[in-house]
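> Sequence and predicted structure, then a few things I'm wondering about:
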Amino acid sequence: MRHGVVNNKFRMKTSHRIATFRNMAKSLIENGRLETTLDKAKVLRGVVEPLITLGKKGTLAARRTALSRLPHTPTIHRLFDVVAPVFKDRAGGYTRVLKTGRRLGDNAEMAIIEFVDPIVEPKADSEKSNA
C-alpha cells in the first residue's frame, strides 16, 4: 500500500524529471522568478529551498553538496554569494508561489514562483573605484 506517498512524476522518466527541475532551479536562482505550471512550481519549492539552506551554511561541504544536486558552477557561486546572504535571518520559506490564472493552450493552472525577499546584485569592483 502507498499510504502517505505523494510523488508527481509529471509523465516523465526519472532522468528527464531530474533534469527539468535542475534547469528550473538554475533559472530561478539566476533570474529571481519563474513562470511555470502550479504543480511544477510547488515541486520546485522543495528543490530550491534546501539549496538555499545549504547556501546559508557556506561551508565547503555544503558547497560540494549543492554542486552535486545542481551541477552548474556559476549558479552555485551566485547561490552562495548573492542569494543565500539575503536569507541569513530567515528560518525557511524562501520562495512564494503566486497563481496567475490558466494557460490558453491547454487550460493548465499557471503560477509564478519567486523569492520572498528581493535579491540585490552586488556592484562590480570597477564601479566602486570610479565612484
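Structure's in. What do you need?
> List the buried residues in whichever helix in the chain runs longest.
Assignment by DSSP state H gives helix 38-57 as the longest helix of the chain. Neighbour-count burial for helix 38-57, with 16 or more other Cβ atoms under 10 Å as criterion, is recorded at 38, 40-41, 43-45, 47-48, 51-56. (C-beta placed from N, C-alpha, C; glycine too.)
> Which helix or strand lies directly C-terminal to that helix?
helix 60-69 (DSSP states H and E).
> Buried residues of the helix or strand that that next one is followed by, list them for me.
Moving toward the C-terminus from helix 60-69, the next helix or strand (DSSP H and E) is helix 73-78. Within helix 73-78, the residues scored as buried using 16+ other Cβ under 10 Å are 75-76, 78.
> I'd like the next helix or strand past helix 73-78.
From helix 73-78, the next helix or strand downstream (DSSP H and E) is helix 84-86.
> Tell me the pLDDT of S129.
Here, the pLDDT recorded for S129 equals 60.
> no, scratch that, I was asking about D125
71.
> tell me the contacts of it?
Residues in contact with D125 (Cβ atoms under 8 Å, 6 or more residues apart in numbering): none are found.
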